[in-house]
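S.K.: please work out how this folds:
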Amino acid sequence: MSTDRIDLNLLRVFDAIYEDRNLALAGKRLNLSQSAISHALGRMRDVLGDDLFIRTGRGMEPTVRALAMATQVRGALAQIKAALGVDAFDPGVAQRTFVIAANDYITALLLGRLSQRLRAEAPLVDLVVRPSTRLDLAGQIDVGRIDLAVGIFADVPRRFRSLQVWEQTDVVLLHREHPIADRALAPADLLAYPLLAVSQGGEEEGAVSGFIVERGLARQSEMFDREALNRAYADSAAIPRVRMAVAHSLAIPALLRHSDMLALVPSSLARELERHGELKMRAAPYECPDVAVRAVWHERNDADPALQWLRQQLIDVSRQVRCR
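M.R.: As a prediction, the model looks like this:
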């Protein structure tokens with residue numbers, strides 16, 4: 001194989017086909033005809049001695065060789081752009097779509113505020129929010145389908161970068177008409193009343209200590225610190241009972257209505273739900289450490305002016321979130 005026959009345009013075509021899985025869409029992205037895209041793909045196949053993409057009912061599926069190439073090709077293109085100083089980002093006129101992964105309550109707390117800022121400062125910029133609980137989140141970041149993921153991560157592999165958005169801890173939410181709503185909670189209360197918790201994957205999905213590890217990235221699957229809870233009652237004759245585990249934290253108000261359950265939730269979410277007046281927030285009656293909510297992205301995007309701007313906007317709007 002001679003790399004002299006590979007030029008930048010072929011790499012751009014490869015990246016576009018990999019992203020869109022469709023020759024017509026790839027051509028639209030690059031302002032090329034479908035025949036030009038097909039010709040470029042043919043040249044790459046000839047040089048590399050691999051089909052690269054196989055036409056199926058679901059679109060152009062990458063071969064093993066293409067899957068191995070994709071992350072490095074996209075990283076190389078990003079480094080070339082950064083080295084040449086091209087694609088300067090002017091939020092006032094830029095047309096771009098950012099793809100962010102987040103769970104439901106982070107979407108409500110952070111990305112709603114970010115959307116308001118974009119409307120004022122970047123009117124042509126769009127947001128697409130994907131669930132951070134999707135399988136292979138790290139893989140989606142690797143191939144560039146997700147620009148930024150926001151959540152709680154126990155481990156972040158070296159190929160990723162991260163920054164802290166805020167800190168939070170576990171607290172308890174209960175309905176204002178709950179029998180113990182007007183006093184501080186005691187450890188015995190969590191034994192006397194059943195618990196409600198948010199879980200987006202347990203041991204049956206491969207979670208260990210409340211985290212799922214994929215390609216080196218450990219993302220939180222249970223929205224509370226189960227180990228801290230178990231540790232607090234290790235010497236007790238009984239342990240708190242999680243009566244209900246749900247995947248959607250914004251369902252908590254309805255589930256606590258006319259219920260004696262106590263909900264274990266992040267303090268940032270509790271602050272937001274408490275302000276509507278139906279629920280009350282109480283400190284957890286056991287020691288629970290602070291955890292950091294972080295934004296995570298691939299290292300190749302460090303120098304992308306648009307993503308640098310996006311990360312700064314996240315930090316700015318995060319200051320509006322009451323976390324503790």
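
S.K.: show me what the helix or strand harbouring S268 is packed up against.
M.R.: When elements are defined using DSSP states H and E, S268 is found to belong to helix 267-274. Contact analysis of helix 267-274 by 3 or more Cβ pairs under 8 Å, 6 or more residues apart in numbering; DSSP states H and E lists helix 104-106, strand 160-168, strand 170-175, helix 252-256, strand 279-283 as its packing neighbours. The way it works is simple: take the backbone N, C-alpha and C, and place the C-beta from them, glycine included.

S.K.: may I see these organised as a markdown table, with distance to Q95, mean pLDDT and mean neighbour count added?
M.R.: Rendered in a markdown table, the data for the helices and strands packed on helix 267-274 read as follows (distance: least, Cβ to Cβ, whole Å; pLDDT from 0 to 100; neighbours: other Cβ atoms under 10 Å):
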| stretch | distance to Q95 | mean pLDDT | mean neighbour count |
| --- | --- | --- | --- |
| helix 104-106 | 26 | 92 | 22 |
| strand 160-168 | 25 | 94 | 18 |
| strand 170-175 | 41 | 97 | 23 |
| helix 252-256 | 38 | 96 | 17 |
| strand 279-283 | 41 | 97 | 18 |
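
S.K.: and those as CSV, adding distance to Y18?
M.R.: As requested, these are exported to CSV (distance: least, Cβ to Cβ, whole Å):
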stretch, distance to Y18
helix 104-106, 28
strand 160-168, 20
strand 170-175, 41
helix 252-256, 40
strand 279-283, 46
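
S.K.: of all those, which lies closest to P240?
M.R.: Closest approach to P240 among the helices and strands packed on helix 267-274 (Cβ to Cβ): strand 170-175, 10.7 Å.

S.K.: okay, now the sheet partners of the closest one, with direction.
M.R.: Based on DSSP bridges, the strands next to strand 170-175 in the sheet, each with its direction, are strand 262-266 (antiparallel), strand 279-283 (antiparallel).

S.K.: any idea of the angle the last one forms with helix 267-274?
M.R.: Right, strand 279-283. Using axes from the mean of the first three to the mean of the last three Cα atoms, to 10 degrees, the direction of strand 279-283 lies 150 degrees away from that of helix 267-274.

S.K.: V47 is nearest to which of the helices and strands packed on helix 267-274?
M.R.: With Cβ to Cβ as the criterion, V47 lies closest to strand 160-168 of those, at 31.2 Å.

S.K.: helices and strands around the closest one, which ones?
M.R.: Packing partners of strand 160-168 (3+ Cβ pairs under 8 Å, 6+ apart): helix 267-274, strand 291-298, helix 305-318.

S.K.: coming back round to it: let me know the angle separating the helix holding S268 from helix 305-318.
M.R.: Taking the same axes, to 10 degrees, one finds that helix 267-274 is oriented at 60 degrees with respect to helix 305-318.

S.K.: got the contact list for helix 267-274?
M.R.: 105, 108-109, 166, 168-171, 173, 249, 252-253, 265, 279-281, 293, 321-324 (Cβ atoms under 8 Å, 6 or more residues apart in numbering).

S.K.: if we can go back for a sec, ok, which of the strands paired with strand 170-175 comes nearest L195?
M.R.: For the strands paired with strand 170-175, proximity to L195 was assessed by Cβ to Cβ; strand 262-266 is nearest, at 5.6 Å.

S.K.: what does the average pLDDT come to for the closest one?
M.R.: Strand 262-266 carries an average pLDDT of 97.

S.K.: and the contacts of that strand?
M.R.: By Cβ under 8 Å, 6+ apart, the surrounding residues in contact with strand 262-266 are 105, 168-174, 178, 185, 189-190, 193-198, 223-224, 229, 249, 252, 255-256, 273, 284.

S.K.: again, only using 7 Å
M.R.: 168, 170-174, 190, 193, 195-198, 223-224, 249, 252, 256 (Cβ atoms under 7 Å, 6 or more residues apart in numbering).

S.K.: cool, stretch 290-305 as well?
M.R.: 74-75, 78-79, 82, 87-89, 106, 141-142, 147-153, 156, 159-169, 307, 311, 314.

S.K.: about what we covered before: closest to V93 out of the helices and strands packed on strand 160-168?
M.R.: With Cβ to Cβ, the closest approach to V93 among these belongs to helix 305-318: 12.2 Å.

S.K.: show me which positions of that closest one end up buried.
M.R.: Neighbour-count burial for helix 305-318 flags 305-307, 309-311, 313-314, 317-318 (criterion: 16 or more other Cβ atoms under 10 Å).

S.K.: nearest to I37, of those residues?
M.R.: Proximity of those to I37 was ranked by Cβ to Cβ; the top entry is A306 with 24.7 Å.

S.K.: that'll do, ta.
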